[in-house]
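how would this look folded up:
(one chain, ligands or ions: 1)
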Amino acid sequence: MSEKVESIIKKDLSTEDINKLIFEYKGEIDLINKKIEEIQNNCRHSEHEIKSIGMGPVKVRKICKACGYDLGYPSKDELGKAGY
Ligand SMILES: [Zn+2]
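Have a look, this model is predicted:
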């Protein structure tokens, strides 16, 4: 897919072309996100890890190791085990 993108962005594109491309790629993103969602829905999230997300004040979340699904805030116990 990256080759396709490179070859396209070298050309001079009209507003319409750009609009069409963005629309197409956003459609692809939607499709991919749906696939990810489907996989996450089928995952049993049996293993998870505590991860800090974002910058600034430390925010930690419980993330499935397999599919990356956000399982919410960890408990105090889980935080302690993770070294926070
Ligand atoms: Zn999972």
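
contacts and neighbour counts: CA atoms only from here.
OK.

in this protein, what residue lies closest to the ion?
The minimum distance from the chain to the ion, using Cα to the ion, falls at H45 (3.5 Å).

how about that residue, nearest residue that isn't a chain neighbour?
Leaving out its chain neighbours, the residue that sits closest to H45 by Cα to Cα, 6 or more residues apart in numbering is C64, at 5.3 Å.

who's in contact with that neighbour?
45-49, 70-71 (Cα atoms under 8 Å, 6 or more residues apart in numbering).

can you pull out the helices in this protein?
With DSSP state H as the criterion, the chain has helices at 2-9, 15-42, 76-82.

pop the domain breakdown of this protein in here.
3-42, 48-81 (automatic domain parsing).

now mean pLDDT and distance to the ion too, for the ones you listed, in a markdown table please.
Putting the domains of the chain into a markdown table (pLDDT from 0 to 100; distance: least, Cα to the ion, whole Å) gives the following:
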| stretch | mean pLDDT | distance to the ion |
| --- | --- | --- |
| domain 3-42 | 88 | 5 |
| domain 48-81 | 89 | 4 |
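
which one of these has the most crowded surroundings?
Stretch with highest mean neighbour count among these: domain 48-81 (a mean of 14; mean count of other Cα atoms under 10 Å).

gap between that one and the chain center?
Centroid separation between domain 48-81 and its chain, computed with Cα atoms, centre = their mean, to the nearest Å, is 15 Å.
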